[in-house]
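K.L.:
Curious how this folds, go ahead:
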Amino acid sequence: MTPPFTWYQTLTSVFVEIKFAYRHDVSGCATLFNEVVEITDDKFYMSAFCAETHDNNVFFELEFPFWAKIKSESVKKEKVPVGKTVFTLPKVDSPARWRHIYHEESKRPPTGKLNLTKLAEFHTTLFDFEDDEIEDFEGWDLIEVQAEKDRDDMTWLFPTKGPGKFKKGSKKSKKNKLKKGVKKV
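P.N.:
Sure, this is the predicted structure:
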């Protein structure tokens, strides 16, 4: 079974979070065994068994070629709660953007998706980067780019509708008249 995973990129690294589960929205396996991790400069492979019950084991396997080369000797692996493993994969050609995590000549991993929360953090730097020819990196069109404000724009000083309505003083004057008519004892 192919485990679900999310990924995102910065200009220098790619991050992959694998959840050993049936799908993205459930908790992952807490008891993994016989883990195999083989990450080369151009390919990702990981497999593991999950002990669901004392007599039922599930085999998870994920494999795909990278879009471009990574520094396999600098890969970092971190286990996080609820059956997840996070990999930090430094890019060889850095700074750079990848169009996808997988190589174009291969099939898209069926359970992989873009981590939109993390993409939002780094979207501006990825979008503004101009030293490569990749303009359509995965997720480039999902987040709205805010236009830079013109510092010389003074239109805010001249509102279109004026200062607004003034409060009518009639309520206040009626209250004052009532107070004047009442004598204190």
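K.L.:
next one: the helix or strand where His123 lies to chain centre, how far?
P.N.:
Mapping His123 onto the secondary structure by DSSP states H and E places it in helix 116-128. In this view, helix 116-128 has its centroid 7 Å away from the chain centroid, taken as CA atoms, centre = their mean, to the nearest Å.
K.L.:
which other helices and strands contact that helix?
P.N.:
Helix 116-128 makes packing contacts with strand 5-9 when contacts are defined by 3 or more CB pairs under 8 Å, 6 or more residues apart in numbering; DSSP states H and E. In this view, the C-beta of every residue, glycine as well, is placed from N, C-alpha and C.
K.L.:
can we see that at 10 Å?
P.N.:
Contacts defined by 3 or more CB pairs under 10 Å, 6 or more residues apart in numbering; DSSP states H and E place helix 116-128 against strand 5-9, strand 13-19.
K.L.:
Out of these, which gets nearest to Asp136?
P.N.:
Comparison of the helices and strands packed on helix 116-128 against Asp136 by CB to CB identifies strand 5-9 as nearest, at 13.6 Å.
K.L.:
right, so the helices and strands packed on helix 116-128: which one is the most enclosed?
P.N.:
When neighbours are counted by mean count of other CB atoms under 10 Å, the highest per-stretch mean among these falls to strand 5-9, a mean of 24.
K.L.:
which regions of this structure lie under the pLDDT threshold?
P.N.:
For the chain, the stretches flagged by pLDDT under 70 are 143-151, 156, 159-185.
K.L.:
now the strands: where do they sit in it?
P.N.:
Remark: strands assigned in the chain by DSSP state E are 5-9, 13-19, 32-39, 43-53, 56-65, 76-80, 84-90, 112-114.
K.L.:
Identify each buried residue in the fifth one, please.
P.N.:
Applying a neighbour-count criterion of 16 or more other CB atoms under 10 Å, one finds Phe60, Leu62, Phe64, Pro65 buried in strand 56-65.
K.L.:
The second one - nearest residue in space that isn't next to it in sequence?
P.N.:
Excluding its sequence neighbours, the residue lying closest to Leu62 (CB to CB, 6 or more residues apart in numbering) is Met46, at 5.2 Å.
K.L.:
picking up where we left off before, what would the strands of the chain look like in a markdown table with distance to Phe129?
P.N.:
As requested, the strands of the chain are exported to a markdown table (distance: least, CB to CB, whole Å):
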| stretch | distance to Phe129 |
| --- | --- |
| strand 5-9 | 11 |
| strand 13-19 | 14 |
| strand 32-39 | 25 |
| strand 43-53 | 24 |
| strand 56-65 | 24 |
| strand 76-80 | 23 |
| strand 84-90 | 17 |
| strand 112-114 | 17 |
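K.L.:
Which stretch among those approaches Leu126 most closely?
P.N.:
Distances from Leu126 to each of the strands of the chain were compared using CB to CB; the shortest belongs to strand 5-9, at 7.1 Å.
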